[in-house]
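1. Here is a sequence together with a model predicted from it:
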Amino acid sequence: MTEKGRKRDRPGGSAKGSKGGGVDDDKPVSKKQQRKAAMAAKTPYFSPKPSSSIVGIDVPLDRLMPQKRIELIAELSESILEDPSTALTSSRTDVVPTMSKANTKDQDDDTNEKQYHKTQSKMNKLFELASLSTNGHDAHAARLALLSLLAIFQDILPSDRIRLPTEAEMNVRVSKDVKKTWDYERKLLQAYQRYLQLLEKTWEDGKFGHRGLSEQTGPPTTLAATSIIALSQLLQTSYLFNFRSNLIQIVVRQANNHSSDDVRLACCHALSVLFTKDVQGEASLEAVRRMAKMVKERHNQQGGRGIHPDVMNTWLSLPLRIHEDEAMAAKIAAQVKKKRAKKSEEAKATQDIENEMKEGEATVDKLELAKNQADTLHAVILTYFRILKVQDGAAEQIDSKVVDSNLLPCALRGLAKFSHLIHLDAVVDLLEVLKKLLENGDRLSTDSCVHCILCALKTLRGPGRDTIPVDMKQYLIPLYGILPRIGIPTNESSLPSTNADDAQSNDEGKVIEEVIQCLDHAFLQRRELSSTRLAGFLKRLACSSLHCMPTSSVPLLACTRQIASRYSSSSSSKIERMLENEEDIVAEGVFSPDAEDPEHSNSHATSLWELSLLKYHVHPKVAEQSSNMAEGKLLKLPGEAPSKLCAQMKRDAREGHIEQKPMWKKHPLDTTASSRKKSRRRQNQVRFITPRRTANWHLQTN
């Protein structure tokens with residue numbers, strides 16, 4: 001062989017060496033060479049573990065130890081995430097039968113039929129570990145398996161819906177890759193549906209505790225609560241995938257759970273996240289309609305007491321921006337487009353193709369968004385008005401005491417947020433209902449009264465405020481009367497003695513935020529022309545700061561300073577006169593603190609003597625605000641804004657923190673020049689102290 005031929009034979013080796021297994025074949029191949037060979041052959045370098053290689057996959061679960069079950073869950077989860085397509089299908093391995101020498105001759109004559117051992121898929125094995133009936137009643141292992149399946153589906157589920165092929169499409173000849181994709185999507189949907197059914201069954205079995213309990217009033221088991229939390233997490237991440245309606249139905253129903261706070265808060269949080277993340281608005285519309293239906297049924301049956309306020313508060317997360325007039329135009333445009341599509345079959349076929357393409361696009365259809373937001377706004381406002389009408393009817397029927405619904409503050413808070421999006425006729429009806437509710441303000445809770453006033457003030461600041469002839473006096477007088485009720489516990493919200501103080505401080509903190517917003521809309525965002533009314537509010541705010549907790553006194557004093565500083569230029573003689581001594585004030589009449597109208601209180605005849613008492617308050621923040629107001633100092637915005645001080649005081653009260661003013665003391669070894677001068681001055685001062693004689697003569701020494 002020539003030298004040229006030898007060089008050609010070097011990479012592949014000789015024929016003798018290739019058959020006999022020469023030296024080159026016995027050399028160990030490094031991982032780098034394996035990676036290069038895999039890249040050249042376009043095959044994956046990492047090969048997942050087969051089902052047969054996982055220890056304990058064929059062993060019955062009731063025979064495994066608890067620790068072995070946990071290790072099996074970890075191995076299965078890791079293997080499924082590495083290759084989901086193979087984990088959804090069952091595998092089979094060849095079984096080599098053991099034959100004796102006597103039967104070898106007979107076996108060679110017969111046809112050699114291979115025997116296979118079928119191994120279930122890894123996903124099915126993980127489902128068995130997540131069920132109590134198949135894993136040996138191990139609740140801890142079932143809980144870990146449910147959470148592992150949650151993490152797996154959150155990772156492998158696509159972001160859009162899966163449409164299975166029809167029978168006509170299945171009969172069409174397609175490539176192997178397309179068939180493989182169809183098979184994977186079908187198995188993925190089946191596994192996801194099985195997981196949802198398992199979660200729902202787990203919740204139904206343990207929502208009232210263990211099965212031995214006869215009364216259906218107990219709290220749910222840990223495994224049942226885990227299943228509902230998993231469903232709420234799936235709603236947050238996979239609301240665009242299949243079976244969205246099933247998720248929304250379960251989560252909305254359990255958002256009103258009264259037996260477990262963890263379940264209720266998890267479901268309400270999932271709905272709030274859904275409303276925030278939903279760009280197109282379809283899922284939000286479906287959830288809002290189900291919630292509105294639930295509120296309508298239970299509100300009519302039980303007077304609103306069957307619905308928890310957290311359910312209604314989730315609607316505050318809705319990003320509604322479309323006015324009803326704009327939404328009506330979008331609906332008309334959508335109807336015209338639909339009529340045009342019905343005229344021709346070709347347009348209808350193209351419309352179906354466009355609808356399928358829109359599901360995979362990341363863009364937002366503005367007409368569809370406007371239509372969904374309009375329907376959502378209609379359902380939300382209709383529910384709010386239904387709650388107000390029920391409350392208004394109760395106020396007319398009952399003379400002694402109105403049954404205050406716990407949904408009334410939620411409805412008023414939502415109307416205050418979305419009132420600028422509704423029609424002008426609906427705004428007039430809303431103001432009329434609020435006026436009737438405020439006429440019976442003494443029979444409502446403090447929270448409900450404050451929300452009524454805030455909703456009316458925000459509505460009047462919205463569009464159409466110039467065309468609606470409404471006097472602000474009918475809303476400022478109830479605000480003046482509600483200020484002394486701040487910080488006073490009510491019997492309606494009484495709780496057990498262990499949580500009474502915490503509940504009172506939380507309710508007072510929520511009310512004080514709404515009161516500050518009312519004062520901001522009444523005196524800071526608009527100009528108050530009556531100086532008598534302004535003086536009455538300043539006096540009432542100072543009086544209310546005396547009996548409130550420090551968490552409420554500090555924001556109230558800051559708000560009083562802000563109002564006084566704004567109107568000090570126009571009516572300086574009257575406002576500054578209230579900071580003087582009562583003996584130096586020359587005014588007509590006597591101050592009447594019991595007057596319902598601030599203009600009839602004659603607050604100019606008195607002074608803000610409450611500030612002199614609050615200067616010696618035990619809390620340093622209260623003392624600082626009162627002394628600064630007495631001296632006429634301005635607020636240092638935005639650090640001393642009332643809303644910011646309210647949040648800061650709530651955080652300090654929750655953490656038990658009280659800020660103390662540092663008192664600097666001179667070190668005894670300090671020998672600086674300033675300390676020497678001070679020491680000399682002290683030495684020069686001579687003081688003669690003469691002790692006072694007392695009657696305790698028996699204590700005196702001779």
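-> Perfect, thanks for sending it.

2. Quick check: buried residues in stretch 122-134?
-> Residues of stretch 122-134 classed as buried: 122-132 (neighbour count, 16 or more other CB atoms under 10 Å). In this view, the C-beta of every residue, glycine as well, is placed from N, C-alpha and C.

3. In a markdown table, list those along with distance to residue 608, pLDDT and secondary structure.
-> Formatted as a markdown table, the buried residues of stretch 122-134 follow (distance: CB to CB, whole Å; pLDDT from 0 to 100; DSSP: H, G, I helix; E, B strand; the rest coil):
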| residue | distance to residue 608 | pLDDT | secondary structure |
| --- | --- | --- | --- |
| 122 | 76 | 87 | helix |
| 123 | 73 | 90 | helix |
| 124 | 77 | 90 | helix |
| 125 | 76 | 89 | helix |
| 126 | 71 | 91 | helix |
| 127 | 72 | 91 | helix |
| 128 | 75 | 90 | helix |
| 129 | 71 | 90 | helix |
| 130 | 67 | 91 | helix |
| 131 | 70 | 90 | coil |
| 132 | 69 | 88 | coil |
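
4. what ranges do the helices span in the stretch 251-400 of the chain?
-> With DSSP state H, counting those that start in this stretch, the ranges of helices along the stretch 251-400 of the chain come out as 261-277, 282-302, 309-313, 324-343, 345-360, 366-397.

5. which parts of the last one are buried?
-> Buried residues in helix 366-397, counting neighbours by 16+ other CB under 10 Å, are found at 369-381, 383-388, 390-392, 394-395.

6. ok so, going back, tabulate the buried residues of stretch 122-134 in a markdown table, adding columns for distance to residue 515.
-> Shown next, in a markdown table, are the buried residues of stretch 122-134 (distance: CB to CB, whole Å):
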| residue | distance to residue 515 |
| --- | --- |
| 122 | 59 |
| 123 | 56 |
| 124 | 60 |
| 125 | 60 |
| 126 | 54 |
| 127 | 55 |
| 128 | 58 |
| 129 | 55 |
| 130 | 51 |
| 131 | 54 |
| 132 | 52 |
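
7. which of those residues lies closest to residue 236?
-> residue 130 (20.5 Å; CB to CB).

8. That closest one contacts residue 198, doesn't it?
-> Yes. Look at residue 130 against residue 198 with CB atoms under 8 Å: they come within range, at 6.2 Å.

9. Pull up the overlap in contacts between the two.
-> Residues touching both residue 130 and residue 198 (CB atoms under 8 Å, 6 or more residues apart in numbering) are residue 146.

10. Next, the contact list for residue 385, please.
-> 426, 429-430, 433.

11. who wins for most neighbours among those?
-> Highest neighbour count within the contacts of residue 385: residue 430, with 21 neighbours (other CB atoms under 10 Å).

12. picking that back up, between the buried residues of stretch 122-134, which is nearest residue 143?
-> For these, the nearest to residue 143 is residue 130 (8.5 Å; CB to CB).

13. do you know how far the residue nearest to that closest one when sequence neighbours are not counted is from residue 202?
-> With sequence-adjacent residues excluded and distances taken as CB to CB, 6 or more residues apart in numbering, residue 130 is closest to residue 145, at 3.6 Å. In this view, residue 145 and residue 202 are 11 Å apart by CB to CB, to the nearest Å.

14. Verify the stated contact: residue 453 with residue 479.
-> Yes. Residue 453 lies in contact with residue 479 (CB under 8 Å); the separation is 5.1 Å.

15. pretty sure residue 372 is touching residue 287, no?
-> No. With contact defined as CB under 8 Å, residue 372 and residue 287 do not form a contacting pair (11.5 Å).

16. where does the stretch 451-600 of the chain have low pLDDT?
-> 463-466, 489-509, 569-573, 581-588 (pLDDT under 70).

17. all helices in it, in order from the N-terminus.
-> With DSSP H, counting those that start in this stretch as the criterion, the stretch 451-600 of the chain has helices spanning 473-482, 500-519, 531-547, 550-566, 572-577.
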